[in-house]
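Colleague: I'll drop the sequence and a predicted model, then ask my questions.
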Amino acid sequence: MKKKITIPVNSNFKYFQFWNGIFNMTPKELEILVLFLDCADDYSNLCALETKKQVAIALGIKDKNTLNNYIKKLKDKRVFILKKNCYTLNKILNPNNGNVQVSLSWV
């Protein structure tokens, strides 16, 4: 008998926390990811200069370039995808993709 489980999420943080089992982000990386999404005008260029400035201010970081270390870590973990010199969000993680269904089966 198949069972359907619905996990309610009411924030970006909770949404990404659910997926974090796959992407293995640290708590700080998760916090920074959420801030990038909250500050970004457009998901097609998440790490635009203005967005980096806003995230740095929110974190109390004086130099926005300090975020480059986190951006690289998120890219290495396939959270951010670099395309045409712009960072986008992995399709799995994009909350704007509509409903995502996850099925688990024992192998």
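Modeller: Structure's in. What do you need? Numbers count the residues shown, from 1 in each chain.
Colleague: what about the strands in this protein?
Modeller: Here the chain has its strands, by DSSP state E, at 80-83, 86-89.
Colleague: and Leu46, which of these is closest to it?
Modeller: Proximity to Leu46, assessed across the strands of the chain by Cβ to Cβ, is greatest for strand 86-89 (4.8 Å). Where C-beta positions appear, they are placed from N, C-alpha and C, glycine not excepted.
Colleague: what strands flank the closest one, and is each parallel or antiparallel?
Modeller: Take DSSP bridges as the rule and strand 86-89 pairs in its sheet with strand 80-83 (antiparallel).
Colleague: CA-only coordinates of the partner strand in PDB, if you can.
Modeller: Provided in PDB are the C-alpha atoms of strand 80-83 (Å, rounded to 0.1, in the frame of the first residue of the first chain):
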ATOM      1  CA  PHE A  80      24.300  27.200  -7.800                       C
ATOM      2  CA  ILE A  81      24.700  26.500 -11.500                       C
ATOM      3  CA  LEU A  82      27.000  28.700 -13.500                       C
ATOM      4  CA  LYS A  83      25.700  29.400 -17.000                       C
END
